[in-house]
Structure formats: C-alpha cells, structure tokens
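In: my questions concern the predicted model and sequence given below.
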Amino acid sequence: GYNMRGGGQHRNYHPISSLNPYQNKWVIKARVTTKGSMRTWSNHKGEGKLFSIELLDEQGGQIRATMFQEAAEKFFPIFQE
C-alpha cells in the first residue's frame, strides 16, 4: 500500500541516503525535481498506468519513485515539479 502524510506535524524524516531495501517503515521529506508523463502499458499479464518522479531531500539525496495503477491515478495530479 501507499500513504501520503501531510499537515504540519513534526516527524522524524529519514535522509534518502539512509534508505535501504530492508527498511519497511520510513518517511522522507523531499521536493519533486522531475515528473514524468502518465504512461500506459499492455502485455500478456494485463495493462495499466504508471508515472515516475525524481525526488531530492535537504541533504542532497536523490531517489526515483514509480507509481503504478491506483497509486499513479491518485498521485499524478498531486505531485508537481
């Protein structure tokens, strides 16, 4: 699942550089530096939508995130470059 937390609550943000594949609960604070267009795919497994963004945090850490299906439809209008 996915969750996008907002509001002015103080949180302990993780630097992007500290993330690793073994963590499953984290929160980052970053700005969108690049937002791709919504794309569709179709193959033998089915079809769907996706888009990608690139994020940059205060420490200069960068990461690319790709949203699929329902997450793509939900977050595409929310993320802005």
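Out: Arrived safely, thanks for sending.
In: where does pLDDT dip in this protein?
Out: 1-10 (pLDDT under 70).
In: residue ranges of the strands in it, please?
Out: Using DSSP state E, the strands of the chain run over 30-35, 39-43, 46-57, 62-68.
In: quick one: the longest one to strand 30-35, angle?
Out: Between the axes of strand 46-57 and strand 30-35, defined by axes from the mean of the first three to the mean of the last three CA atoms, to 10 degrees, the angle is 130 degrees.
In: what angle do strand 39-43 and strand 46-57 make with each other?
Out: Interaxial angle, strand 46-57 versus strand 39-43 (the same axes, to 10 degrees): 140 degrees.
In: nearest residue to the residue nearest the centre of the chain other than its sequence neighbours?
Out: Centroid-nearest residue in the chain: Ala65, 4.2 Å away (criterion: CA atoms, centre = their mean). Once flanking residues are discounted, Ala65 sits nearest to Ile53: 5.4 Å by CB to CB, 6 or more residues apart in numbering. The way it works is simple: take the backbone N, C-alpha and C, and place the C-beta from them, glycine included.
In: how about Glu54?
Out: Here the residue nearest Glu54, using CB to CB, 6+ apart, is Thr34, at 4.1 Å.
In: from Gly60, how far off is that neighbour?
Out: Thr34 is 15 Å from Gly60, where distance means CB to CB, to the nearest Å.
In: now Ser42
Out: 38 Å.
In: ok, now Thr40?
Out: Where Gly60 is concerned, Thr40 sits at a distance of 33 Å (CB to CB).
In: follow-up on the earlier one: ok, the residue nearest to Glu54 touching Gln80?
Out: No. If you go by CB atoms under 8 Å, Thr34 and Gln80 don't touch, sitting 11.3 Å apart.
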